[in-house]
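J.: quick one: sequence and predicted model below, then my questions.
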Amino acid sequence: MLRELKTFIAVTRHGTLAAAGMHIGLTQSAVSAQMRNLEQALGIRLFDRTGRQAILNAAGLRALPMAREMLDTFSRMALMEDVSEYRGELKIGAVATVQTGLLPAALVRLREQAPLLEPKLVPGVSLNLLSQVDAGEVDLAILIKPPFELPKELHAQVIRREPFVLIVPPELPGDDPLALLAEQPLVRYDRSSFGGRLVTRFLREQRIDVRVALELDELEAIVKMVEHGLGVALMPKAGLWLDYGANVRIVPLGQYTFHRELVLLQRHSQTHVPIQQLFARCLA
C-alpha cells in the first residue's frame, strides 16, 4: 500500500491523474487503478472528481497528512545511525547560485563522512523547490527564504544572509545608488521570484520609478546584460560573477542595504534524520 500512498500524494500535488502519472512515470489508468485500490482498502472516497481534476474531499484532506507521516516513518525505518555506513540516495534541491556557491564544498565534506551515500542534485527556483520538499519529492532544499509563512510541516533554517548591491557598467559615473536607479534603465530581477520580490519592495519603499530594460530570473545572465551596457541591476552579492571578476562596478547601497536569506528547508519530521543532520552540518 506504500506505492498507493506515494501516488495519492502525487495526485494531490499535481491536481489531475494524468499530471501525477507524468511526474511519477505511470499511465493515467495505472494512477486511477491505484487510487481505486486505496479508496477500497480504506472504505472511503478521497476525491471529488470534476472533469479531469481530482479534488480532495474532507476525508482526503484528513488522510493527506497521515499518508505523509506514514511514508516518513517507513523511510526512517531504513536509516542507519552510523552515517558512514549509510547507503541510499539523498535528493538535494538547490537554486542556481547555491549550486556554484555553497554546495560544492558541502558535498565534498558530505562524501568524506558518508562515502556510500548517493547525493542527487535537483535544480530549480525557490517556489518550485519549496513545493517539492512539501510533497516529499526532494529530501531537503537550499533556497531563498519565502516572503510568506511556511506550512507548519516545513522547517527553515537560515544558513546565509547576502546583501544586495547595485551593479553598473564600469564606465558609468556616479555613486548615489538611488539616483542611478532613477536615471538608468533597470535589468530587473524577476518580480515573481522570492529575490525579485525583495527588489520590488525596496523600490517601493524608496519611491523609485524605474525604466525596465529587461526582466529575468538568472543572476549570471543579469550580470552579462549589465556588462554589455543594457542597464543597471540590483543583485545579491553572491554567485560566480564575483569569482570570475565581472566587468561591472559595484555600488554599495549603504544605509539602504537589504538582504536575501538562504535557508535549508526540510520537513519537520525529517530534521532529526541522521543523514540530513549531517548534511546541515556540512553546510555550516
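T.: That came through fine.

J.: thought L64 was touching L56?
T.: Yes. Counting by CB atoms under 8 Å, L56 is a contact partner of L64 at 6.7 Å. Where you see a C-beta, it was placed from the backbone N, CA and C, and this is true even at glycine.

J.: what residues are shared contacts of these two?
T.: T12 (CB atoms under 8 Å, 6 or more residues apart in numbering).

J.: do you know how far A105 is from L283?
T.: Separation of A105 from L283 (CB to CB, to the nearest Å) stands at 9 Å.

J.: ok, now G196?
T.: For G196, the distance to L283 equals 24 Å [CB to CB].

J.: just R211 next, same as before
T.: Applying CB to CB to R211 and L283 gives a distance of 39 Å.

J.: show me where the chain dips below the pLDDT cut-off.
T.: 75-83 (pLDDT under 70).

J.: strands along that one, start to end?
T.: Ranges of strands in the chain, per DSSP state E, are 47-50, 53-56, 88-94, 117-123, 140-144, 154-168, 185-189, 211-216, 233-236, 249-251, 259-267.

J.: each with direction, which strands does the last one pair with?
T.: Right, the one you point to is strand 259-267. Strand pairing for strand 259-267, determined by DSSP bridges: strand 140-144 (antiparallel), strand 154-168 (antiparallel).

J.: and what of the fourth one?
T.: Taking DSSP bridges as the criterion, strand 117-123 sits next to strand 88-94 (parallel) in its sheet.

J.: return the strand it pairs with as CSV; C-alpha atoms alone will do.
T.: In CSV, the C-alpha atoms belonging to strand 88-94 read as follows (Å, rounded to 0.1, in the frame of the first residue of the first chain):
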residue,chain,number,x,y,z
GLY,A,88,21.0,5.3,-0.5
GLU,A,89,20.0,8.4,-2.2
LEU,A,90,19.7,12.0,-0.8
LYS,A,91,17.8,14.3,-3.1
ILE,A,92,19.1,17.9,-2.6
GLY,A,93,17.2,20.8,-4.2
ALA,A,94,19.2,24.0,-4.8
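
J.: more crowded one of A105 and L283?
T.: Comparing A105 with L283 by other CB atoms under 10 Å, the one with more neighbours is L283, at 21 against 11.

J.: show me what contacts the more buried one?
T.: Contacts of L283 (CB under 8 Å, 6+ apart): L102, A106, I142, I159, L264.

J.: as a markdown table, those with neighbour count would be great.
T.: Formatted as a markdown table, those follow (neighbours: other CB atoms under 10 Å):
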| residue | neighbour count |
| --- | --- |
| L102 | 19 |
| A106 | 22 |
| I142 | 26 |
| I159 | 17 |
| L264 | 22 |
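
J.: closest to M235 among the residues you listed?
T.: L102 (17.1 Å; CB to CB).

J.: how near is the closest one to F47?
T.: From L102 to F47 the distance is 40 Å (CB to CB).

J.: check V133 too.
T.: V133 is 24 Å from F47, by CB to CB.

J.: between the two, tell me which one has more neighbours.
T.: Just comparing V133 and F47: by other CB under 10 Å the higher neighbour count belongs to V133, 27 against 18.

J.: and the more buried one, what is it in contact with?
T.: Residues in contact with V133 (CB under 8 Å, 6+ apart) are G93, D139, L140, A141, L154, L265, Q266, R267.

J.: contacts only, for the spatially closest residue to the last one that is not a sequence neighbour.
T.: Closest residue to R267 in three dimensions, ignoring its sequence neighbours and counting by CB to CB, 6 or more residues apart in numbering: E153, at 5.7 Å. Remark: with contacts taken as CB under 8 Å, 6+ apart, E153 is in contact with P65, R68, D134, R267, H268, S269.
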